[in-house]
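Visitor: Any chance you can model this:
(chains A and B)
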Amino acid sequence: MLLQNTEIANLFDEMADILEIKGQNPFRVRAYRNAARSLRDVGRDVETMVKKGEDLTRIPGIGEDLAGKIGEVVKTGTFSSLKSFRKRVPRGLVELLRIPALGPKRVELLHHRLGITTVAGLARACRAKKVREIRGLGAKTEEKILEHLASREKVPKRFKLSDAIGFADAIVSELGKVPGVSAVAAAGSLRRCRETVGDVDILATASSAGPVMEAFRRGEGVRRVLSGGPTRSTIVLRSGLQVDLRVLDPESYGAALVYFTGSKAHNIALRHRAMQRRLKINEYGVFRGKRLVAGKTEASVYASVGLPWIPPELRENAGEIEAGEKGKLPRLVELADLRGDLQAHTRATDGRNTLVEMAEAARRRGFEYLAITDHSRRLAMTRGLDPRRLRAQIREIERFNAKRSGITLLTGIEVDILEDGRLDLPDDVLGEVDVVVGAVHSHFGLPRRRQTERILRAMDHPFFTILAHPSGRLIGERDPCDVDIGRVLRRAKERGCVVEVDAQPDRLDLLDSQCRMAKELGVRIAIDSDAHSVLELQNLRFGVGQARRGWLEKGDVVNTRPLAELRKILRATRLR
DNA sequence: GCCGTTTTCGGCCCGACTGTTTTCAGTCG
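Guide: Numbering: from 1, shown residues only, chains lettered A, B, ... in the order given. Presented below is the predicted three-dimensional model:
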């Protein structure tokens, strides 16, 4: 759905890179970058908008000119001014911009003075110590480039949210013990619950910055210190994760938290509002002239520009500011709202705990219900259930529920959606369980039309309850299937079935933008752990984060309902 | 190249750190 947007955004980013290297008007460069970001965030397919003749200039950052260029891309796959600029700038130069310490000025310098046009050429020049001879560059820069080129294969570019949170929590807890520290918190994309995190930003307030900076740079697991000033330091952990620490005055804490939580686009929009009110926002506070007027808390910063506090997950400049202005911010779903979980596995297939262990872990979490949804026979490597074994499990669950142990198990199955859209078990046995979770586990590469029809057909099955991990992506490993998610969600609405946010940290599927689309369509959502062990019930926090990024409220999520109400919803999904 | 309670021209977010400089440009977030 939004593939086309991303492709156009990539072309605009490339144009911005080229213009930057050519030393063009920086504001023109920024216009392309803003437009690219806007396209990625807009949540509507611009290709469709173009074909329907809709007005693209209503998208923020898109004016007459760029609207025309988008039209050109939809028609031809590219736009003519990009093509002519590409001829004037060797393609390799754009790649050089990705190297730390190299920006447009230095790339142009390297090109102009040393004739460098490729990464390989740059590496040769560095080894021959030619780069340090250029005025404005030096030996340190040369070494930094070589070091980066040597290590860039080894280090993953972005970290999964769950991994980054682990590292961040450890550092926050260590820094909290340093004498004189009054507050420590992780900000950045981690706080916004982005599915992956490029680096971690940590803020601290302290009576004196020295000791906390010292503790940070000497901390456990620090591979190297990239920079270290009196108020800011950057380190790289052995895992390759980069972490920034900023130490501030308590009076600035809220302003700094806003600033370093981002997103960048959200902050820019806030500063625009501040400018209109003749205020200035920076990481130290909100200022009228030189006078500090707010900044101790986040709420004070937002209040200074006439807004309520905005939850971090919404801070993407994707409508949250307008919603805040009108008092229409969503009351986002919270982890504590969940009363149960509708996808979990046991040792019957590929889970690591028994049905009773899973039930007790869910009860300890305070859950009222848990659906047991092991795999179906098609997934042979998990020893998927055939009708006989599924019926045996149903009996086992009935016996468990008869004991009234403080939690109710729902019977279920995660049934494979076959290549042609049929389900992997016969209708009669599917009719015997409470929850039929349909999932694609094979033929991920079908062309869009067939993949979409396959899922639609499966959802039309009379006993279909929940569509599991609809895109099938595995973060960093497998791209999403080519599915028309808009069609799938519209059908789910008509059909009355539920669509899942799978909370596994490498799935987080539905994607955030798709959650928002689902909400707008009024599709019912389940946030499921997809736990394969008792520990993995904790995944739910990531699913809730994803749902919050998609603006979902308690009322949108079926497993916030008490059991009796949930049962009604489940029964209503059955077409016979 | 975008945008508008500063409205069709003239602005455009802003501060920290590094490396190279000898007072600052470039990069980064």
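Visitor: looking only at pLDDT, what's the mean for stretch A:26-43?
Guide: On average, the pLDDT along stretch A:26-43 is 84.
Visitor: So what touches it?
Guide: A:2, A:5-6, A:8-10, A:12-13, A:15-16, A:19-20, A:46, A:59-63, A:66, A:70, A:265, A:316-318, A:513, A:516-517 (CB atoms under 8 Å, 6 or more residues apart in numbering). For glycine as for every other residue, the C-beta is placed from the backbone atoms N, C-alpha and C.
Visitor: again with stretch A:133-150
Guide: Contacts of stretch A:133-150 (CB under 8 Å, 6+ apart): A:99-102, A:106, A:109-110, A:113-114, A:119, A:122-123, A:126-127, A:129, A:131-132.
Visitor: what about it and DNA strand B, touching?
Guide: Yes. For stretch A:133-150 and DNA strand B, the contact criterion (CB under 7 Å from any atom of the strand) is met by A:135, A:136, A:137, A:138, A:139, A:140, A:141, A:142, A:144.
Visitor: And the residue of chain A closest to DNA strand B?
Guide: Residue of chain A nearest DNA strand B, by CB to the nearest atom of the strand: residue A:138 (1.5 Å).
Visitor: Kindly tell me how buried that residue is, as a neighbour count.
Guide: Neighbour count of residue A:138, defined by other CB atoms under 10 Å: 13.
Visitor: pLDDT below threshold where in chain A?
Guide: A:1-3, A:43, A:152-157 (pLDDT under 70).
Visitor: Kindly report the domain assignment for it.
Guide: Chain A breaks down by automatic domain parsing into domains covering A:3-151, A:159-248, A:252-325, A:335-572.
Visitor: Of the ones you listed, which stretch is the most buried?
Guide: Looking across those with neighbours counted as mean count of other CB atoms under 10 Å, the highest average goes to domain A:335-572: a mean of 20.
Visitor: Show me how far that domain is from its chain's centre.
Guide: Counting by CA atoms, centre = their mean, to the nearest Å, domain A:335-572 is centred 20 Å from the centre of its parent chain.
Visitor: got it, and stretch A:257-266?
Guide: 15 Å.
Visitor: Show me what that stretch is in contact with.
Guide: A:37, A:41, A:185, A:187-189, A:191-192, A:201, A:203, A:246, A:267, A:270, A:281-283, A:298, A:301-302, A:310, A:312, A:315-317, A:320-321.
Visitor: can we see that at 7 Å?
Guide: In this structure, residues lying in contact with stretch A:257-266 by CB atoms under 7 Å, 6 or more residues apart in numbering are A:37, A:185, A:187-189, A:191-192, A:201, A:203, A:246, A:267, A:282-283, A:298, A:301, A:312, A:315-317.
Visitor: before we move on, what about stretch A:529-538?
Guide: A:341, A:343-345, A:350-353, A:357-358, A:361-362, A:365, A:502-504, A:539-540.
Visitor: In strands, which of the residues you listed fall?
Guide: A:341, A:502 (DSSP state E).
Visitor: so which of the contacts of stretch A:529-538 are also by DNA strand B?
Guide: Of those, not one also sits near DNA strand B (CB under 7 Å from any atom of the strand).
Visitor: Just the contacts of stretch A:529-538: which are in helices?
Guide: Counting by DSSP state H, the part of these found in helices is A:357, A:358, A:361, A:362, A:540.
Visitor: Turn the residues you listed into a markdown table, columns for distance to residue A:224.
Guide: As requested, the ones in helices among the contacts of stretch A:529-538 are exported to a markdown table (distance: CB to CB, whole Å):
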| residue | distance to residue A:224 |
| --- | --- |
| A:357 | 43 |
| A:358 | 43 |
| A:361 | 40 |
| A:362 | 43 |
| A:540 | 36 |
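Visitor: Now flag whichever of the residues you listed is closest to residue A:383.
Guide: For these, the minimum distance to residue A:383 (CB to CB) is 16.9 Å, reached by residue A:358.
Visitor: The closest one against residue A:344, yeah?
Guide: Yes. Using CB atoms under 7 Å, residue A:358 is in contact with residue A:344, at 5.6 Å.
Visitor: which neighbours do those two share?
Guide: What both residue A:358 and residue A:344 touch, as defined by CB under 7 Å, 6+ apart, is the set residue A:370.
Visitor: dump the residue contacts of the nearest residue to residue A:566 once chain neighbours are set aside.
Guide: Closest residue to residue A:566 apart from its sequence neighbours, by CB to CB, 6 or more residues apart in numbering: residue A:558 at 6.2 Å. Residues counted as contacts of residue A:558 (CB under 7 Å, 6+ apart) are A:498, A:524, A:525, A:526, A:566, A:569.
Visitor: Just the ones of the residues you listed in helices?
Guide: Among those, the members falling in helices (DSSP H) are A:566, A:569.
Visitor: can you name the two of the contacts of residue A:558 that are farthest apart?
Guide: A:525 and A:566 (13.0 Å).
Visitor: what about the helices in the stretch 451-576 of chain A?
Guide: Taking DSSP state H, counting those that start in this stretch as the test, the helices found in the stretch 451-576 of chain A are A:485-495, A:512-521, A:540-549, A:563-572.
Visitor: Could you list every helix and strand that the first one packs against?
Guide: Based on contacts counted as 3 or more CB pairs under 7 Å, 6 or more residues apart in numbering; DSSP states H and E, the elements that helix A:485-495 packs against are helix A:448-459, helix A:512-521.
Visitor: Report the secondary structure state of residue A:246.
Guide: Recorded secondary structure, residue A:246: strand (DSSP: H, G, I helix; E, B strand; the rest coil).
Visitor: can I assume it is in contact with residue A:206?
Guide: No. Between residue A:246 and residue A:206 there is no contact under CB under 7 Å: 11.1 Å.
Visitor: picking up where we left off before, what's the separation between the residue of chain A closest to DNA strand B and residue A:45?
Guide: 48 Å (CB to CB, to the nearest Å).
Visitor: again with residue A:244
Guide: Distance from residue A:244 to residue A:45, by CB to CB: 36 Å.
Visitor: Equivalent analysis for residue A:266, please.
Guide: 23 Å.
Visitor: show me the contacts for the closest residue to residue A:496 other than its chain neighbours.
Guide: Distance criterion CB to CB, 6+ apart; nearest residue to residue A:496, sequence neighbours excluded, is residue A:573 at 5.7 Å. Residue A:573 makes contact with A:465, A:496, A:497, A:498 under the criterion CB under 7 Å, 6+ apart.
Visitor: beta partners for the last one?
Guide: Residue A:498 forms beta bridges with residue A:466, residue A:524, as assigned by DSSP bridges.
Visitor: Now do the same contact list for it.
Guide: With CB under 7 Å, 6+ apart, residue A:498 has these contacts: A:465, A:466, A:524, A:525, A:526, A:558, A:573.
Visitor: Show me the beta-bridge partners of residue A:248.
Guide: Assigned bridge partners for residue A:248, using DSSP bridges, are residue A:205.
Visitor: Check residue A:237 too.
Guide: Going by DSSP bridges, residue A:237 forms beta bridges with residue A:222.
Visitor: That one touches residue A:221, doesn't it?
Guide: Yes. Applying CB under 7 Å as the test, residue A:237 and residue A:221 come out as touching, 5.0 Å apart.
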